[in-house]
Every structure is written in structure tokens, then in C-alpha cells.
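K.L.:
model this:
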Amino acid sequence: MRIFAQRLFNGKAFTGPATVEVVDGRIVSVQPGEVAADIRLAHGVLGPGLIDLHNNGAFGVDCATATPEGWDVFVNGLAARGVTSVLPTIITAPLPDIAEAAVRLREAMRRHPGLLGLHLEGPFLAPAKRGAHREDWLRPPDEAVLDELLAGPAGAVLRLITLAPELPYGLEALEKFVQAGIAVSLGHTAADAAQMRAGADAGARLVTHLFNAQSPLGHRAPGAPGAGLTDPRLSPCIIVDGVHVDPALLQIAFAACPRAIAVTDSIALAGLATGATLEFGGALAMLGPDGVGRRADGTIAGAGITLDEGVRRMIAFGIPPETALAAATSRPAAALGLDAGRIGPGALADLVWWSDDFHALQVWQAGVAAPALKPRGTESPRTELMDLEARGTEEIVRLFLGQEASALRALGAASPALARLVDAVAARLAAGGRLFYAGAGTSGRLGFLDAVECRPTFGVEPGLIIPLLAGGTEAFIKAAEGAEDDEAAARIALDEHGFNARDALVGIAASGSTPFTLAALRHAGALGGLTGAIVNNAGTAMAQAAEIAVEIASGPEIIAGSTRLSAGSTEKMALNILSSTVMIRLGKTYGPFMVDMRASNAKLRRRALAMVMALTDADEHRASLELEACGMHVKLAVLAIKRDLAPETAREKLAAAGGSLRRALAV
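P.N.:
Below you'll find the predicted structure:
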């Protein structure tokens, strides 16, 4: 299987375009450009699957109590969001309970290779830093407890354990785990920086949820966070929901430490609706609108996000996308010695096709494609923005700008279809046809605006570009309720204008299903005309009804359903590009100059004069005289001056050249 992508994230940086070849579940080559691709990704980013090293549960499933069916829900739900590998986490519990959970996990691992093993968070934690862990279940890491743990079912699946190095026998226990091939993470600890470094000396290689449930970072006492960020042997894991750790500290940590790893510390509430309540760690927790599960007393029990949302939040906080993605792919893979988390020869073919705003569109695990995911439409709410109105103004502005940039990339991905529509429309107009726009609401107003602006810009004759706005021209200023549902009005409008087989109609609608616009497309097609659609959702009725569909996957809006935002921006740009390129093809421009414009006011007369002078090297006096003689028509004046022709002769030569100044000058 060969997958071609315009953009790739290889685990460290964005590259591409390139083709990734997969054989027997592994990547065998990455070649520049498109090489005999079986799958072409026209937009978005192809990257390695996300790896979450700290996940207590999601989608209503608690890793400590999951049934076989529950494990299926958990693994498949995460994979659908681009998380292809996960280290299920069990927090402090009695040893018999841990053993039973380990047995269930071992059975699930046989069916789900994406389950990496067990992360045991406790019971060897500092009581003063236990957080949501029950104090009566904590244990000192003495030899008897370690032997019982390692000899039991947990020992067979244990991949990572969190412990506090300052506990009695803490360093000895740490060394014993390392000797058994189990990675150790320092956490839930009151250790100072020296004790943390001693833990690294003993073989610890990670830090559990940096800043949370550990000694603080001080300017004279760096504590656990200072050691985690600066000791090159330690990879600090950081909860990236923006609540457990303030976004400003997230920026600092990920800028300062090239080993920092993004984790969720999610609990079973992740992926559920706000207000959902479940038991976790022996007590109830409720999911708040900020994506965090809390106890009744307000204590944070765990995050309520999945790692893909964590990546999006990191990017929204100002962390570079390549850093955010590396923190969730190649860095956790390196910390645990996994052959995943990168796109390169030899790596496991866990791959994700991301949209430009980093939502999973397609997932492959070991080269096997999961069922295609339905793209999120313009109406989908962005649950990571539940606290939008509580955020700072500058942050909100950045969110909007980031969404606009993502939407622009989506428009770029639709450029081949837009180019086909341009050529088809230009051919109709060159043969004497007309261009109609049809739309309702914002989309219809954008079509109306583009049609109106073409006349002064390109000297378009009245009636060449005709906008059909649901509710009539009055709806441009005042919303016409119910007009978008009036299918008969669309057909009547086309008939009144005598739409025929020589004409073209472009329907515009973010949803792709507006009844007025869809009816116009179908009626125009029945009359033999060319039909095109500009939409912002995939697989819509309008796209199916049109001969040429420009599908712009601009994604959900910052304010759900307000398609005057990034969907409207892309529609406006698409229409600008469509009409402008059609006019270029019709000879309405010469290079970058709008030589067919109507010089209808003083400003435009000055612009016309400047164009004539620039294109002919004539002085202002002569250029002004020729313009006046040619009726302020720039093309005529330029041709008359450069070929020393009378205005009438110039007009005849221009007509013979089909209105193209370039062709007229070449004769």
C-alpha cells in the first residue's frame, strides 16, 4: 500500500509532499513526491498515531474494571480519534484488585495490540501528594509487597510504574523494577531536585504529570518540576488539558524541554457529555464543561479529554504544531522504546490522516485501515471550546485566526476542483453564455456581492453575471425568513431570466443542502446548463447534483453553526478566485492590470491613467489624451499608443482578437 500526502509529519517535523509505502504492517520507504500511490490525501496531514502513556479510561470505561466489551469500546473509541497506542493506567487499589485488573488487561491485549501494557500509578506514593488516591490504600514499597506484585498477574503486563523516590525503600524498589524490565516514572512525590536526580541515577526515566501532585518549582528550589525539565535522563509527562497545568506553564515547559511528553491522565468520563458522573478510584467524579473530572469537594480526579483534543488545545495555547505532535508521538515512543510514533522505514504503520485542524479523518493500525470517519461538518460544536467566553480576548482572537488559516488550507486542497470549474465557466461565457450564482443567507449575499463587483473591476456588461438570492435583492440587507426553503422561487427565477443550455450556474451553501440552492442546481441541470457547487461539507446533496463540486472541508466553526465565519471566508475567496480567473481567461486583464475596468469616478480615472502610462511608457499628457479619445477604455488606449492607431482602428483590432489585449498586440 502506498499513501501519498501533500503534507507529512514524520515525528519531528512537517515534510512533503511524499509517498509512504507500507508492507506487512510496517513502513518500508518514504519517497519524495507521488510514486504510484494507491491512496491520495489531497489535504490535511499524514502523521503517526498518537501514543497516550497515562490514560485511566474513556467513553465510560474504567481501565481498572473494564470488561472485554468495555476494552473494545475503549480501544476503538481512542483509535477513531487518532490514538493508536495507549498505556492503560490503574491508580492505587488493593493488590488483589490490581491483580484482577491485570488479568482482564492481559486478555484484552491479545485482541488489541494497541494496548501497550499496564501503567500502575501507585500504591507507592507520598501520602502528602496523593491527590485523588485513597490514603488507606497506599503502601510502602517493601520487598514483600514488590515480590507479591511482580510474581502475580500484574507482573506479566506491567510496563510502567509511578512511585515516589523519597519513600523508605523507594530507590531500592525502583532499581528492582528496572532490573525486571519495567520502566519507572517519578510522581506523586514530595522529593526535592536532589532526590529526583537520585531516582534518575537508580534508573527512572519518566516523570508523572509534571507540576501536579509533586513538590513545587521555586526560583531557589527547583523541586520535582525543575529536575524533570532539566535532567536529560528524564522525560516529563504533562497533562495538556490546560486546567491541570496553566497554558502559560505548558508553553514554557514544552519550549524548554525537548523530551516533554503530552498525556491526558483521562478517566472514564473522557468522551462523554458534560455533567456525566462515574466512580473513579473509589469515589464519584463529575465531568465539568472544562473537560475535567472533579470530586464532590472540587478535587481534580482526572482529565476528561482524549489526546487528540489535547494536541488541539496545545496548538491553541500557542505551542507549535510540530512540538505538540512530537509530544504525543515520537517522544512517548522514545521514552518506552516503541517502534512507533514516527513515519520512517521500519516503523509500525500506525498512521493518521488529520484534517487541517487536527481531527482524525482516517486511521490505519499496523497498516490496516479502520472504517473511514465521517468528517466533522460546519455545524459540529467544538467541545474543547466549552469555556470560550471565559478565555482572554487575545486568545479568542488567535483562535479565530487559527481557524481561518486552517480553512484557507482546506480551500487550497480544493483548488483542482475550483480550477476545473473556472475552465468550464470560462468556456460557457466565451461561447456567449452567462454565469448565475444561487444561494441563501450569507452564501447568497457573497454571490450577490461578487456579481456586483465584477462590473466595475472587469467592465462586465450588465446581465453577464446574475445573482439569485433567496428572498430577492431585499434579502441582501434584511434576512428573509423561510426564503431558503422556497424551492419554487429558485426555479421561477431561472425561468424568468431565460436560463438555457449555454449558461452556467454555481450554487453556494456551506451546508450543501439548502433547498433553494439545491432546487436551482437541479433545475439548471435539467435545462442543460453547466452546474457547479461550492460547499463546506463532504458528501452533500448539492455536490452530488452538480457537475463540478468544490468541497471545502473548512471544519467546525469557533461558534458552532455560524457559517458566516471561516466557511463564509472560504466561499468569498473561492468566488473571488472563480470570477477573477474566469475574467483573466476572457482577456479582461493584461498581466496584473485590470485593463477592462470602468473608470467611473475620479479615483478610477487616475488609476486608468497610471495603467496606460505604466504599460506604454507614454507621458501623462499623451496618455491622458489617448484615454479621453478612447472613452477612458484602458485596453484601447494602450493598443492605440503602442501600435500608433486611431481609436476606431484599435477597437476593430481588439474585437478581432476576442477582446484580448495580449493577442491584439501580438498581431
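K.L.:
C-alpha only now, for contacts and for neighbours.
P.N.:
Noted.
K.L.:
ends of stretch 552-571, what's the gap?
P.N.:
Start to finish, the residues bounding stretch 552-571 are 8 Å apart (Cα to Cα, to the nearest Å).
K.L.:
pLDDT averaged over that stretch, what's the number?
P.N.:
Over the span of stretch 552-571, the pLDDT mean works out to 86.
K.L.:
again, but for stretch 12-19
P.N.:
When pLDDT is averaged along stretch 12-19, the result is 95.
K.L.:
which residues touch it?
P.N.:
By Cα atoms under 8 Å, 6 or more residues apart in numbering, the surrounding residues in contact with stretch 12-19 are 2-9, 30-35, 37, 322-323, 325-326, 330, 342.
K.L.:
buried subset of those, written for PyMOL?
P.N.:
A single PyMOL command is used to select the members of the contacts of stretch 12-19 judged buried by 16 or more other Cα atoms under 10 Å:
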select buried, resi 2+3+4+5+6+7+8+9+30+34+37+323+325+326+330+342
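K.L.:
out of the contacts of stretch 12-19, list just those in helices.
P.N.:
The helices, defined by DSSP state H, take in 322-323, 325-326, 330 from the contacts of stretch 12-19.
K.L.:
quick check, nearest of those residues to residue 116?
P.N.:
Proximity of the ones in helices among the contacts of stretch 12-19 to residue 116, judged by Cα to Cα, is greatest for residue 330, which lies at 15.1 Å.
K.L.:
does that closest one touch residue 342 like I think?
P.N.:
Yes - with contact defined as Cα atoms under 8 Å, residue 330 reaches residue 342; the gap is 5.7 Å.
K.L.:
which neighbours do those two share?
P.N.:
What both residue 330 and residue 342 touch, as defined by Cα under 8 Å, 6+ apart, is the set 11-12.
K.L.:
thinking again about what came up before, quick one: the ones in helices among the contacts of stretch 12-19 as a markdown table, columns for pLDDT and distance to residue 621 too.
P.N.:
As requested, the ones in helices among the contacts of stretch 12-19 are exported to a markdown table (pLDDT from 0 to 100; distance: Cα to Cα, whole Å):
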| residue | pLDDT | distance to residue 621 |
| --- | --- | --- |
| 322 | 97 | 58 |
| 323 | 97 | 60 |
| 325 | 98 | 62 |
| 326 | 98 | 64 |
| 330 | 98 | 68 |
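K.L.:
name the nearest of those relative to residue 384.
P.N.:
Compare each of the ones in helices among the contacts of stretch 12-19 with residue 384 using Cα to Cα and the shortest gap goes to residue 325, at 17.3 Å.
K.L.:
shouldn't the closest one be in contact with residue 311?
P.N.:
Yes - Residue 325 sits in contact with residue 311 when judged by Cα under 8 Å, with a separation of 6.6 Å.
K.L.:
anything in contact with each of the two?
P.N.:
Once Cα under 8 Å, 6+ apart is applied, it turns out that residue 325 and residue 311 contact no residue in common.
K.L.:
quick one: mean pLDDT over stretch 44-60.
P.N.:
Per-residue confidence for stretch 44-60 averages out to 96 on the pLDDT scale.
K.L.:
okay, residue 273: pLDDT?
P.N.:
Confidence per residue is given as pLDDT, and for residue 273 that number is 78.
K.L.:
need phi/psi at it.
P.N.:
Dihedral angles of residue 273 (phi, psi; degrees, to the nearest 10) stand at phi -80, psi 150.
K.L.:
bridged to the residue nearest to it when sequence neighbours are not counted, which residues?
P.N.:
With Cα to Cα, 6 or more residues apart in numbering as the criterion, residue 273 has its nearest non-adjacent residue at 7.6 Å, and that residue is residue 287. Here residue 287 sits in beta bridges with residue 293, going by DSSP bridges.
K.L.:
identify the residues contacting residue 287.
P.N.:
So, once contact is read as Cα under 8 Å, 6+ apart, residue 287 ends up touching 269-270, 273-277, 293-294, 304.
K.L.:
among those residues, which two are most distant?
P.N.:
Distances among the contacts of residue 287 were taken as Cα to Cα; the most separated pair is 273 and 294, at 14.3 Å.
K.L.:
more neighbours, the two?
P.N.:
Neighbours per residue, other Cα atoms under 10 Å: of residue 273 and residue 294, the larger number sits with residue 294, 21 against 15.
K.L.:
is it true that the more buried one touches residue 280?
P.N.:
No - the pair residue 294 and residue 280 does not pass the contact test of Cα under 8 Å, sitting 10.0 Å apart.
K.L.:
need the overlap of contacts for these two.
P.N.:
residue 301.
K.L.:
so what's residue 299 up against?
P.N.:
For residue 299, the residues meeting the contact criterion (Cα under 8 Å, 6+ apart) are 131-132.
K.L.:
now do it, the pLDDT please.
P.N.:
Per-residue confidence for residue 299 comes out at a pLDDT of 79.
K.L.:
gap between it and residue 292?
P.N.:
For residue 299, the distance to residue 292 under the criterion Cα to Cα works out to 10 Å.
K.L.:
before we move on, what about residue 651?
P.N.:
If you measure residue 651 against residue 292 using Cα to Cα, the figure is 72 Å.
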